[in-house]
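S.K.: I would like the atomic coordinates for the input below:
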Amino acid sequence: MRILIVGAGGVGSAAVRIAVRRRFFELLVVADYDPARPQALVDSLDDGRLVAAQVDASSADAVAALVREHGITHVLNAVDPRFVMPIFNGCFDAGATYLDMAMSLSVRHPEEPYAKTGVMLGDEQFALAQQWEGAGRLALVGMGVEPGLSDVFARYAEDELFSSIDELAVRDGANLVVAGADGEPAFAPSFSIWTTIEECLNPPVVFERGIGWYTTEPFSEPEVFRFPEGIGEVECVNVEHEEVILMPRWTKARRVTFKYGLGDEFIGVLKTLHKLGLDSTEPLMVKGAAVAPRDVVAAALPDPATLGDRMTGKTCAGVYVTGIGRNGAPRAVYLYHVVDNEWSMAEYGSQAVVWQTAVNPVIALELLAAGIWQGTGVLGPEAFDSRPFLELLAADAPAGYGSPWGLEER
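M.R.: Numbering: from 1, shown residues only. Presented below is the predicted three-dimensional model:
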């Protein structure tokens with residue numbers, strides 16, 4: 001396997017640090033628009049299988065050229081979702097398998113944005129599914145943690161735990177705290193603020209079988225959810241996310257939802273950004289320069305990948321599943337994965353949210369390299385056997401990745 005990871009910051013860097021401990025690939029090219037970033041990463045790891053490169057992720061031709069130059073077989077997209085389609089199309093043109101952790105962007109319904117879907121997440125990719133299938137090529141989409149591991153949990157629940165599922169309720173929460181310069185908690189998002197603004201201010205999508213997909217108001221239907229391993233109760237709200245698009249395609253669940261534990265302060269900041277127009281991606285002229293307000297916000301906040309030394313606590317991703325168990329009785333379980341920031345920093349030098357996102361596509365790449373996961377077309381994680389993935393995730397190194405997942409009956 002010859003891998004290209006597009007994006008040398010944050011999740012891309014963490015994915016490289018995780019992958020170099022494994023032996024399933026012969027070459028890993030890490031590329032970024034700024035060539036100094038991948039070169040610094042490659043130099044720091046001192047692994048002969050690593051190569052640094054420069055690429056413009058907004059150009060399908062540039063991506064395809066880099067794939068051909070290095071004989072790349074698999075490409076992991078580790079940059080913002082606005083670059084999904086150029087990388088996706090460049091991979092197809094060059095004949096490489098494609099993986100991402102966030103799908104093509106949505107466009108809200110022009111007249112009823114808080115009731116009806118417009119262009120949904122991933123619609124642009126799924127529109128090309130027959131083309132990928134006809135060419136015998138695979139695009140594995142939504143293969144991070146959420147979406148990604150949560151979708152693997154959904155497959156596991158349907159195959160192993162339930163005879164019928166009423167709801168797949170993805171619930172994400174944390175008790176992470178970032179210390180400011182004064183020692184007080186700082187406002188510093190633990191994941192890409194560009195992506196966070198996009199998903200949190202778009203109309204959330206809900207799926208109900210027999211009705212289909214529909215939307216609600218941002219931050220709607222708040223509920224208090226109890227997270228395991230000491231995180232405790234966190235208020236979660238509806239947020240737009242790929243799981244709601246992916247899970248109904250490969251499971252028979254009657255309802256699918258996604259709720260995120262954001263907190264009052266974070267929601268307040270997002271609402272203020274929206275009110276001021278600072279969430280916009282449309283460039284404004286500022287002293288003769290064209291600048292998108294959202295890019296200014298992202299530049300003003302610290303890079304999430306650099307927060308690990310100032311961060312304490314744990315992050316949890318999981319799916320609360322309700323329905324009828326294999327024995328015919330009602331059942332409710334929470335399938336989850338918790339990462340402690342202290343552990344991820346000590347073991348990999350990556351903060352918890354970034355590491356938890358990055359480990360899953362690396363496991364998927366290993367399963368693809370071994371031929372355990374196979375497929376053609378545009379597929380989500382639910383289209384594959386969950387057991388080998390979960391076994392690799394939990395098994396101690398060197399056999400696995402040493403990060404156990406949990407199942408809690410409720």
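S.K.: E391: neighbouring residues, count only.
M.R.: E391 has 12 neighbours, counted by other Cβ atoms under 10 Å. The C-beta positions use only the backbone N, C-alpha and C, and glycine is treated the same way.
S.K.: can you confirm it is in a helix?
M.R.: Yes - counting by DSSP: H, G, I helix; E, B strand; the rest coil, E391 falls inside a helix.
S.K.: show me the contacts for the nearest residue to it once chain neighbours are set aside.
M.R.: If the residues on either side of it in the chain are set aside, E391 comes closest to G400, at 6.9 Å by Cβ to Cβ, 6 or more residues apart in numbering. Counting by Cβ atoms under 8 Å, 6 or more residues apart in numbering, G400 touches 391-394.
S.K.: Specify the local secondary structure of G400.
M.R.: Following three-state DSSP, the label given to G400 is coil.
S.K.: Tell me the pLDDT of it.
M.R.: pLDDT, G400: 96.
S.K.: contacting residues around S220?
M.R.: 204, 237-238.
S.K.: Quick check: phi and psi at it.
M.R.: Here is the backbone geometry of S220 (degrees, to the nearest 10): phi -80, psi 170.
S.K.: quick one: it from L262, how far?
M.R.: 12 Å (Cβ to Cβ, to the nearest Å).
S.K.: Now do the shared contacts for these two.
M.R.: Shared contacts of S220 and L262, counting by Cβ under 8 Å, 6+ apart, come down to V237.
S.K.: Surely A94 touches H70?
M.R.: No - taking Cβ atoms under 8 Å as the definition, A94 is not a contact partner of H70, at 10.2 Å.
S.K.: Just the helices from the protein, written as ranges.
M.R.: In the chain, the segments counted as helices under DSSP state H are 10-19, 36-45, 60-70, 84-94, 123-126, 129-134, 149-156, 193-201, 243-250, 264-276, 293-300, 341-348, 352-369, 386-394.
S.K.: Can you spell out which helices and strands pack onto the third one?
M.R.: Using 3 or more Cβ pairs under 8 Å, 6 or more residues apart in numbering; DSSP states H and E as the contact test, the elements touching helix 60-70 are strand 2-6, strand 27-32, strand 50-54, helix 84-94.
S.K.: same thing with the fifth one?
M.R.: In this structure, helix 123-126 packs against helix 84-94, with contacts taken as 3+ Cβ pairs under 8 Å, 6+ apart.
S.K.: Who are the packing partners of the helix it packs on?
M.R.: helix 60-70, strand 74-77, strand 97-100, helix 123-126, strand 138-140.
S.K.: Export the third one to PDB, keeping only CA atoms.
M.R.: As requested, the backbone C-alpha atoms of strand 97-100 are provided in PDB (Å, rounded to 0.1, in the frame of the first residue of the first chain):
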ATOM      1  CA  THR A  97      -8.900   4.600  -3.300                       C
ATOM      2  CA  TYR A  98     -10.300   7.600  -1.400                       C
ATOM      3  CA  LEU A  99     -11.000   8.100   2.300                       C
ATOM      4  CA  ASP A 100     -12.200  11.100   4.200                       C
END
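S.K.: Sort out which residues of that strand are buried, please.
M.R.: 97-100 (16 or more other Cβ atoms under 10 Å).
S.K.: Within its sheet, name the partner strands of that strand and how each one runs.
M.R.: strand 74-77 (parallel), strand 138-140 (parallel) (DSSP bridges).
S.K.: and among those, the most buried is which?
M.R.: strand 74-77 (a mean of 28; mean count of other Cβ atoms under 10 Å).
S.K.: Export that strand to PDB, keeping only CA atoms.
M.R.: Only the C-alpha atoms of strand 74-77 are listed here, as PDB (Å, rounded to 0.1, in the frame of the first residue of the first chain):
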ATOM      1  CA  HIS A  74      -4.900   5.100  -1.200                       C
ATOM      2  CA  VAL A  75      -5.500   8.800  -0.300                       C
ATOM      3  CA  LEU A  76      -6.700  10.100   3.000                       C
ATOM      4  CA  ASN A  77      -8.200  13.500   2.900                       C
END
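S.K.: Distance from the chain centre to that strand, please.
M.R.: Taking Cα atoms, centre = their mean, to the nearest Å, one finds strand 74-77 lying 14 Å from the centre of the chain it belongs to.
S.K.: what's that strand in contact with?
M.R.: Applying Cβ under 8 Å, 6+ apart, the set of residues contacting strand 74-77 is 1-7, 12, 15, 57, 63, 67, 83-84, 87-88, 90-91, 96-101, 361, 365, 368-369.
S.K.: for it, what is the average pLDDT?
M.R.: In this model, strand 74-77 has an average pLDDT of 98.
S.K.: isn't E133 right up against G377?
M.R.: Yes - with contact defined as Cβ under 8 Å, E133 reaches G377; the gap is 3.6 Å.
S.K.: Listing request: residues of the stretch 51-200 of the chain with sub-threshold pLDDT.
M.R.: Low-confidence segments of the stretch 51-200 of the chain, defined by pLDDT under 70: 181-188, 190-191.
S.K.: ok, now with 90
M.R.: Counting by pLDDT under 90, the stretch 51-200 of the chain contains low-confidence ranges at 177-200.
S.K.: and the residue nearest to S350 when sequence neighbours are not counted, what is it in contact with?
M.R.: Leaving aside its sequence neighbours, S350 sits nearest to A14 (Cβ to Cβ, 6+ apart; 4.2 Å). By Cβ under 8 Å, 6+ apart, the contact set of A14 is 305, 348, 350, 354-355, 357-359.
S.K.: so how far is I5 from the closest residue to I363 other than its chain neighbours?
M.R.: Among residues not flanking I363 along the chain, L392 sits closest, at 5.2 Å (Cβ to Cβ, 6+ apart). Counting by Cβ to Cβ, the gap from L392 to I5 is 19 Å.
S.K.: Would you convert the helices and strands packed on helix 60-70 into a markdown table that also reports mean neighbour count and distance to G288?
M.R.: Output for those, formatted as a markdown table (neighbours: other Cβ atoms under 10 Å; distance: least, Cβ to Cβ, whole Å):
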| stretch | mean neighbour count | distance to G288 |
| --- | --- | --- |
| strand 2-6 | 26 | 31 |
| strand 27-32 | 24 | 28 |
| strand 50-54 | 17 | 28 |
| helix 84-94 | 22 | 28 |
